[in-house]
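Colleague: the following comprises the amino acid sequence and a computationally predicted model.
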Amino acid sequence: MNQVLVLNSGSSSIKYQLIDMDDRTRLAVGIIERIGEASGSVADHAAGMEVVLAELEGKLDRAQLAAVGHRVVHGGDRFRGPTLVDDEVCDTISKLIPLAPLHNPANLTLIEAARAAFPDTPQVAVFDTAFHQTLPEHAYTYAVPQSWREDLGVRRYGFHGTSHQYVSRRAAAMLGRRPEEVNMIVLHLGNGASVCAIREGKSIDTSMGMTPLEGLIMGTRSGDLDPAVSAYIARQTGRTAEEIDLTLNKESGLLALAGSNDLRDIDAAAAKGNEPARLALDAYCYRIRKYIGAYLAALGRVDALAFTAGVGENSATVRAGALAGLDHLGIAVSPKRNAQHSKEERYISPYWAETAVLVVPTDEEIEIADQALEVLGRAG
């Protein structure tokens, strides 16, 4: 058995890949979208699993399937690594739903559907939050009442952990060093975005918090915000907590500033002199630069910065803007290297820079597959 089926479920989607782990080739890749939406034809993630199975017909040999790997958004403080799924694990994921009400129910439904579809195949859950369980107490603790922290689980958890872990390992390999020898900052910049400070292969701080709302300006999320803003809006407008939460998650960020959450459109509009687009781009890059400065201080020594995900891998404008003015700290991009578009891992820093600046395409699916086999005691 040498194949792993990776199921990466969002709140309204399922991305899947069937990977041959002998040569790490993709035997099947697909996505089911608009799950549970009025405009879609798939009622829920259980029905989505049926669609996945139909699309895998003729491509999947069950006798060769070593494991099914699942992405689960929130593991709270209960899961520190990939975990073999059983009834107790499913029960714990269910109890964590209040921390991720949009994603964990979808993740759990898909896990249960996959267990039914592949009753004799090990199922492994890989948690977005697990990589950040190495945060020191002073980094994950919020200054809020003890009852909130202890009874309600209010603390920093962090997300995108699977991507940060994969990219940090690949970046270390590019430097010709082991992850335990390297300090780095990984910038996962997509529609959702987060920064992670990694010391000797372990996450010590990250920009997302108890939820994915905190931190950087994102496609539709506000990122860092004075907590009193929500109470102020509620008093002034009569809007409910749920309505305000929806606005901050779905109607804010770049969308609110520029009218679009697509950096390509914003970059093009800014180049033509569109003022809202220019402001959005400036604010986006400035927020990233602030976090880089904070994590430089937290780490003390930084060997590399790695850009990844859709924006990080493809936007030369954002990469240059995020690092503007950091030359005196030994951090810079080479205009020529930065402008070259490629899907390969690459250096974009000039020869004189003390800190390597890298672009590392993320691969969460292969990381999930590797971790699934790790749980089973096999090397991918």
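Modeller: Cool, the structure landed.
Colleague: strands along the protein, start to end?
Modeller: In the chain, the segments counted as strands under DSSP state E are 3-9, 14-20, 25-32, 65-72, 83-84, 123-127, 183-189, 193-199, 202-206, 304-308, 346-347, 356-359.
Colleague: with adjacent residues omitted, what lies nearest to Gly81?
Modeller: Using C-beta to C-beta, 6 or more residues apart in numbering and skipping the chain neighbours, the partner closest in space to Gly81 is Ala130 (5.4 Å). (Glycine included, C-beta is placed from N, CA and C.)
Colleague: contact partners for the one you found?
Modeller: Going by C-beta atoms under 8 Å, 6 or more residues apart in numbering, Ala130 touches 75, 79-82, 161.
Colleague: and for Val68?
Modeller: Contact analysis of Val68 by C-beta under 8 Å, 6+ apart lists 4-7, 114, 118, 121-124, 372.
Colleague: who is it paired with across the strands?
Modeller: Leu5, Gln123 (DSSP bridges).
Colleague: closest one of the contacts of Ala130 to Lys343?
Modeller: Closest approach to Lys343 among the contacts of Ala130 (C-beta to C-beta): Gly161, at 23.3 Å.
Colleague: residue contacts, the closest residue to the closest one other than its chain neighbours?
Modeller: Nearest residue to Gly161 in three dimensions, chain neighbours excluded: Phe131, at 3.1 Å (C-beta to C-beta, 6+ apart). Neighbouring residues of Phe131 by C-beta under 8 Å, 6+ apart: 158, 161-162, 164-165, 196, 203.
Colleague: could you single out the nearest of those to Thr355?
Modeller: Using C-beta to C-beta, the shortest approach to Thr355 within the contacts of Phe131 belongs to Cys196, at 15.7 Å.
Colleague: how far away is the closest one from His132?
Modeller: Distance, Cys196 to His132, using C-beta to C-beta, to the nearest Å: 8 Å.
Colleague: equivalent analysis for Val42, please.
Modeller: Relative to His132, Val42 is positioned 32 Å away (C-beta to C-beta).
Colleague: these two: who's more crowded?
Modeller: Regarding Val42 and His132, a neighbour count based on other C-beta atoms under 10 Å identifies His132 as having more, with 28 against 20.
Colleague: could you give the number of residues near the nearest residue to the more buried one once chain neighbours are set aside?
Modeller: The spatially closest residue to His132, leaving aside those adjacent along the chain, is Gly158, at 3.4 Å (C-beta to C-beta, 6+ apart). Number of residues near Gly158 (other C-beta under 10 Å) recorded here: 27.
Colleague: quick one: contacts for Gly158?
Modeller: For Gly158, the contact set (C-beta under 8 Å, 6+ apart) comprises 129, 131-132, 135, 194, 196, 203, 206-209.
Colleague: at 10 Å what do you get?
Modeller: Neighbour list for Gly158: 128-133, 135, 139-140, 164, 194, 196, 203, 205-210, 212, 214-215 [criterion: C-beta atoms under 10 Å, 6 or more residues apart in numbering].
Colleague: same check, this time on Ala369
Modeller: Applying C-beta under 10 Å, 6+ apart to Ala369 gives the contacts 3-6, 17-21, 24, 66-69, 124, 126, 363, 380.
Colleague: ok, now how distant is the spatially most central residue of the chain from Val6?
Modeller: Against the mean C-alpha coordinate of the chain, by C-alpha atoms, centre = their mean, the closest residue is His160 at 2.5 Å. His160 sits 16 Å away from Val6, going by C-beta to C-beta.
Colleague: surely Ala139 and Thr206 touch.
Modeller: Yes - the pair Ala139 / Thr206 is scored as a contact, 8.5 Å apart, by C-beta atoms under 10 Å.
Colleague: higher neighbour count, these two?
Modeller: Thr206 (30 against 17).
Colleague: circling back: same list (the contacts of Ala130) but as JSON lines, adding pLDDT.
Modeller: Below are those laid out as JSON lines (pLDDT from 0 to 100):
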{"residue": "Gly75", "pLDDT": "94"}
{"residue": "Phe79", "pLDDT": "94"}
{"residue": "Arg80", "pLDDT": "92"}
{"residue": "Gly81", "pLDDT": "93"}
{"residue": "Pro82", "pLDDT": "95"}
{"residue": "Gly161", "pLDDT": "96"}
